[in-house]
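Q: next input, structure requested:
(one chain, ligands or ions: 2)
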Amino acid sequence: MKHSHNTPAIGLDVGTSRIVTASRHEEDFQYRTQLNAFVTVPWSKMTEASLKREGVPYVVHSDNGDKSIIVPGNESSRFADLLQTETRRPMTRGVLNPQEPANAAMLKQLIENLTAGERRSGLPVYYSVPAAPLGAEENLTYHEATIAQILRELDCSPTPINEGLAVVFSELEDTNYSGIGISFGGGLVNVCLSYLAVPVLSFSVPKAGDYIDSSASTITGELSTRIRLEKEESFYINGHFSDKLHQVLNVYYDEMIRAVVAGLKDAFANARNIPKMGKPVPMVLSGGSAMPRGFRDRFEKLLKESDFPLPLSEVRMAKSPLDATAKGALVAALAEL
Ligand SMILES: Nc1ncnc2c1ncn2[C@@H]1O[C@H](COP(=O)(O)OP(=O)(O)OP(=O)(O)O)[C@@H](O)[C@H]1O
Ligand SMILES: [Mg+2]
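A: Ligands and ions are numbered 1, 2, ... in the order given. Below is the predicted model of the structure:
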């Protein structure tokens with residue numbers, strides 16, 4: 001007998017910007033999320049006392065007697081903004097940074113918190129991994145193996161799933177998982193063409209939200225963390241801008257979209273093994289960077305102008321763009337039970 005109150009599996013989106021878990025309780029999918037970031041400040045009694053008073057979660061870290069305070073996850077962004085400092089990030093461009101061994105520990109702590117109360121021995125966890133960039137054989141083994149190891153240390157049973165394919169699993173049940181899933185994330189844009197749930201072609205483009213933030217930061221002189229907060233609060237896509245930051249963001253948004261459209265065209269022009277689909281398939285857009293108002297229209301316009309070779313039935317947004325990868329990973333896990 002299954003215990004209906006225990007999730008039968010977890011879908012885990014290990015994103016450069018955010019970590020998201022999806023679990024199933026009865027028939028409901030539930031999501032939890034944490035920023036994949038942290039801030040470190042030197043320890044002092046007063047700082048610790050203030051954090052406590054403000055209710056900001058923190059960890060005291062001691063390294064050979066040098067004490068520091070770490071503020072991980074969701075609160076790190078507001079805290080960094082207050083301190084006028086950048087957040088530190090365990091991952092960059094879709095993968096763990098192998099130069100910084102402490103980052104794996106940070107990631108483990110975030111995953112541990114997000115799965116608290118859900119974990120049990122051998123619980124299947126499907127976790128998202130990016131595709132290699134177009135034309136480059138990037139080595140994703142280190143990243144994939146490290147996440148698997150973290151999950152095993154947490155007593156779970158890990159399986160990797162391509163991020164673009166996860167988007168297809170989340171959104172394209174109605175075409176039997178045939179179509180193109182795209183996730184516009186923080187570190188990468190991930191693309192996958194799936195035919196009947198089989199990934200036929202996938203690639204990533206290393207220009208996404210972080211690239212937009214850091215490029216805008218070099219132009220305006222503001223910290224990336226600040227730009228990101230403003231972008232998420234008030235940016236939208238159209239031709240009329242009253243302020244400089246929105247105009248700059250628009251320029252880099254266009255650059256990201258054009259890079260993805262060029263990648264799509266290239267990948268499909270050079271691929272020999274694309275099955276004849278029979279009929280037009282949908283393309284679905286997800287991820288945080290696809291959220292601004294007007295994004296879908298702009299993307300479709302630039303895609304149409306590029307004479308994209310594959311017939312599409314529609315270009316649509318994912319129902320919940322920030323949860324799609326985690327949901328798709330969970331759908332994949334449930335299908336294998
Ligand atoms: N409402 C919003 N408007 C604009 N941008 C947003 C919004 N919400 C989030 N973002 C941006 O989306 C990006 C994060 O997206 P997402 O959470 O899908 O990435 P990720 O999965 O963590 O990264 P990746 O898949 O590249 O590893 C960030 O650049 C963030 O600033
Ligand atoms: Mg992502």
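
Q: which ones are touching the residue in the stretch 51-200 of the chain that ligand 1 sits nearest to?
A: Residue nearest to ligand 1 within the stretch 51-200 of the chain (CB to the nearest ligand atom): Gly185, separated by 2.4 Å. To be clear about C-beta, it is placed using only N, CA and C from the backbone, and glycine gets the same treatment. Listed by CB atoms under 8 Å, 6 or more residues apart in numbering, the contact partners of Gly185 are Gly15, Thr16, Ser17, Gly94, Glu163, Ala208, Gly209, Gly287, Gly288, Ser289.

Q: now with 10 Å, please.
A: 13, 15-18, 93-94, 128, 130, 163, 204, 208-210, 286-290, 325 (CB atoms under 10 Å, 6 or more residues apart in numbering).

Q: against Met283, how distant is it?
A: Distance, Gly185 to Met283, by CB to CB, to the nearest Å: 17 Å.

Q: go on, Leu82?
A: For Leu82 relative to Met283 (CB to CB), the value is 40 Å.

Q: who's more crowded, the two?
A: Met283 (23 against 11; other CB atoms under 10 Å).

Q: test my guess that that one contacts Ala290.
A: No: assessed by CB atoms under 10 Å, Met283 is found out of contact with Ala290, at 11.6 Å.

Q: joint contacts of these two?
A: Ile182, Phe299.

Q: and stretch 245-260, how far out from the chain's middle?
A: 19 Å (CA atoms, centre = their mean, to the nearest Å).

Q: same deal with stretch 131-141?
A: 17 Å.

Q: same thing with stretch 42-57?
A: So, by CA atoms, centre = their mean, the centroid of stretch 42-57 is 30 Å from its chain's centroid.

Q: and it, what's its mean pLDDT?
A: Averaged across stretch 42-57, pLDDT comes to 90.

Q: contact partners of it?
A: Stretch 42-57 is touched from outside by 41, 58, 60-62, 66-76, 78-79, 82, 113, with contacts defined as CB under 10 Å, 6+ apart.

Q: taking those residues, please make a ChimeraX selection of just the buried ones.
A: Per 16 or more other CB atoms under 10 Å, the buried members of the contacts of stretch 42-57 correspond to this ChimeraX selection:
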select :41,58,69,70,71,72,73,74,75,76,78,79
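
Q: which ones among the contacts of stretch 42-57 map onto helices?
A: With DSSP state H as the criterion, helices contain Glu75, Ser76, Arg78, Phe79, Leu82, Asn113 from among the contacts of stretch 42-57.

Q: now the nearest residue to the first one once chain neighbours are set aside: phi and psi?
A: With CB to CB, 6 or more residues apart in numbering as the measure, Val56 is the residue that lies nearest to Glu75, at 5.0 Å, once sequence neighbours are left out. Dihedral angles phi and psi of Val56 (degrees, to the nearest 10) take the values phi -90, psi 120.

Q: kindly provide the distance from Val56 to Arg32.
A: Distance, Val56 to Arg32, by CB to CB: 19 Å.

Q: quick revisit: quick check: the farthest pair among the ones in helices among the contacts of stretch 42-57?
A: Distance extremes for the ones in helices among the contacts of stretch 42-57: the farthest pair is Leu82 and Asn113 at 22.0 Å, using CB to CB.

Q: hmm, stretch 7-16 touching ligand 1?
A: Yes: applying CB under 6 Å from any ligand atom, one finds stretch 7-16 touching ligand 1 at Asp13, Gly15, Thr16.

Q: what lines up beside the helix or strand containing the first one in the sheet?
A: In this structure, Asp13 is located in strand 10-14 according to DSSP states H and E. Paired with strand 10-14 in the same sheet, following DSSP bridges, are strand 18-25 (antiparallel), strand 124-129 (parallel).

Q: close to ligand 2: what parts of the chain are there?
A: Contacts of the chain with ligand 2, taken as CB under 5 Å from the ion, map to Gly15, Ser183, Gly185.

Q: residue contacts, the first one?
A: Taking CB under 10 Å, 6+ apart as the criterion, Gly15 is in contact with 33, 35-36, 91, 94, 128, 130, 163, 183, 185-188, 287-288, 322, 325-326.

Q: with the second one instead?
A: With CB under 10 Å, 6+ apart as the criterion, the residues that contact Ser183 are 13, 15, 128, 130, 163-164, 166-167, 170, 189-192, 204, 208, 284-290, 318, 321, 324-325, 328.

Q: mind doing that once more with 8 Å?
A: Going by CB under 8 Å, 6+ apart, Ser183 touches Glu163, Gly164, Ala166, Val167, Val189, Asn190, Ser286, Gly287, Ala324, Thr325.
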